[in-house]
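Trainee: with the input below, show me the fold.
(one chain, ligands or ions: 1)
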Amino acid sequence: MDNSRTEPPVIEVTGLRRHYGPAGPAGFDAVRGLDLTVRRGELFALLGTNGAGKTSTMELIEGLAAPTEGRIRVLGHDPYRERAAVRPRIGIMLQEGGFPSELTVAETGRAWAGMTTDARPVDEALDLVGLLHRRTVRVKQLSGGERRRLDLALALLGRPEVLFLDEPSTGLDPEARAATWRLVRELRAEGTTVLLTTHYLEEAEELADRLAIMHAGRIVTEGTVAEVIAGRPSRIAFELPERSGPFETVELPALPGAEVTAEGRRITVRTPTLQSTLTELLGWAARHEVPLGALDARSASLEEAFLAVAATPSTPEPTGAVR
Ligand SMILES: Nc1ncnc2c1ncn2[C@@H]1O[C@H](COP(=O)(O)OP(=O)(O)OP(=O)(O)O)[C@@H](O)[C@H]1O
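Mentor: Modelled structure (predicted):
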């Protein structure tokens, strides 16, 4: 039976704040009042602009640092204060593994397994990420993508109930990325709860049950991919030809409900009704024999939603903020 809706969330974050540096304006608020809930078996993706606070948030939920303010529960425990209860049940793939480069891949796995409760066999973890054939190679000889996969293998050693993946596919070639996605999907299918950060919108579209887009320390929008892009306009772009033909005096048609912007001859139309706007535009182009160069029409996408979030000014500190 699916109890995921009735049982308490696996990750529950309320009012989270993280302040770096000295108290007061000399310091910096990287996370500014963040709420987040992830249910058992769910894959939740944190997206955001550079410096939005994704890693700062992840580190707090992983229990690697104490929040300046707010409440975090992972599997019902405070991950920082009750680290001993939480740590054996979670797997963490950091952005930089930072293990000794002189050890071989297998030695690194064994060293890690020694610190892991109920570890799976090292070779099994290496096999999961496609690194078994590299087991005798020194870590310093691995490519960047192979190191990422070793990071993931180590995170999987303890058969974690909750897996934290900080930019898991950065530096991977397309084939290794697809393999990582397959593995993450399998883990999720087995019931693992996953919180991941990524810069690849496609990764979130492929994997996430729900996602949040962060900007300047806050979650600006959150939901399923469909919910996040709902209400975003579709986009039509094209280039008008040099003004020398029969269309010389022809103006663009009225496109009700659409917003038209021009950058030189490059025209962008944003519309809530892609089909009717496109029909109108193509009819006009045909009637007036206007060739529309590099014509591109696309439905609302996560990219549009992301760019809209990135363009929002960061709101000032609420009064009463902890400094
Ligand atoms: N130890 C620190 N001391 C001071 N400021 C920090 C520290 N760590 C991070 N920051 C700042 O906090 C902000 C959030 O950083 P964070 O790494 O959490 O963002 P991010 O969303 O993960 O960014 P990216 O996508 O670039 O990895 C940034 O402005 C960063 O410069």
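
Trainee: helices and strands around the longest helix along the chain, which ones?
Mentor: Criterion DSSP state H: the longest helix present in the chain is helix 174-189. Where contact means 3 or more Cβ pairs under 8 Å, 6 or more residues apart in numbering; DSSP states H and E, helix 174-189 is packed against helix 144-156, strand 193-197, helix 201-207. (Each C-beta comes from the backbone N, C-alpha and C, glycine too.)

Trainee: buried sites along that helix?
Mentor: For helix 174-189, the neighbour count (16 or more other Cβ atoms under 10 Å) marks 176-177, 179-181, 183-184, 187-188 as buried.

Trainee: same check on stretch 205-218?
Mentor: Per 16+ other Cβ under 10 Å, stretch 205-218 contains these buried residues: 206-208, 210-218.

Trainee: which among those residues gets closest to the ligand?
Mentor: residue 214 (6.4 Å; Cβ to the nearest ligand atom).

Trainee: before we move on, what SS does that closest one have?
Mentor: Classification of residue 214 by DSSP: H, G, I helix; E, B strand; the rest coil places it in strand.

Trainee: and the closest residue to it other than its chain neighbours, how far from residue 238?
Mentor: Setting aside the residues directly before and after it, residue 214 is nearest to residue 48 in space (Cβ to Cβ, 6 or more residues apart in numbering), at 3.4 Å. Separation of residue 48 from residue 238 (Cβ to Cβ, to the nearest Å): 31 Å.

Trainee: higher neighbour count, those two?
Mentor: residue 48 (25 against 19; other Cβ atoms under 10 Å).

Trainee: in which helix or strand would I find residue 296?
Mentor: strand 293-298 (DSSP states H and E).

Trainee: and residue 70, what is it in contact with?
Mentor: Taking Cβ atoms under 8 Å, 6 or more residues apart in numbering, we find residue 70 in contact with 13-17, 33-34.

Trainee: that one sits in which helix or strand?
Mentor: strand 69-74.

Trainee: report the buried residues of that strand.
Mentor: Buried residues in strand 69-74 (16+ other Cβ under 10 Å): 70, 72-74.

Trainee: switch the residues you listed over to TSV; also include distance to residue 122.
Mentor: Output for these, formatted as TSV (distance: Cβ to Cβ, whole Å):
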residue	distance to residue 122
70	37
72	31
73	31
74	26
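
Trainee: any idea how far apart the tips of stretch 290-300 sit?
Mentor: 26 Å (Cα to Cα, to the nearest Å).

Trainee: quick one: residue 193 from residue 303, how far?
Mentor: Distance from residue 193 to residue 303, by Cβ to Cβ: 27 Å.

Trainee: an error on my part: the question was meant for residue 213.
Mentor: 11 Å.

Trainee: then residue 258?
Mentor: From residue 258 over to residue 303 (counting by Cβ to Cβ), the distance is 19 Å.

Trainee: these two - which one has more neighbours?
Mentor: Neighbours were counted for residue 258 and for residue 303 using other Cβ under 10 Å; residue 258 has more, 19 against 15.

Trainee: for the nearest residue to that one once chain neighbours are set aside, list the residues it contacts.
Mentor: When the adjacent residues along the chain are set aside, residue 258 lies closest to residue 271, with 3.9 Å between them (Cβ to Cβ, 6+ apart). By Cβ under 8 Å, 6+ apart, the contact list for residue 271 reads 233-236, 255, 257-259, 277.

Trainee: can we see that at 10 Å?
Mentor: Residues in contact with residue 271 (Cβ atoms under 10 Å, 6 or more residues apart in numbering) are 233-236, 255-260, 277-278, 280-281, 297, 300.

Trainee: phi, psi of residue 260?
Mentor: phi -110, psi 130 (degrees, to the nearest 10).

Trainee: helix, strand or coil for the residue nearest to it when sequence neighbours are not counted?
Mentor: In space, and not counting its chain neighbours, residue 260 is closest to residue 269: 5.2 Å by Cβ to Cβ, 6+ apart. Local secondary structure at residue 269 is given as strand here, using three-state DSSP.

Trainee: residue ranges with poor pLDDT in this protein?
Mentor: By pLDDT under 70, the weakly predicted segments of the chain are 1-5, 96-98, 244-250, 315-323.

Trainee: name the residues of it found near the ligand, please.
Mentor: Within the chain, the positions near the ligand by Cβ under 6 Å from any ligand atom are 20-21, 28, 30, 48, 50-56.
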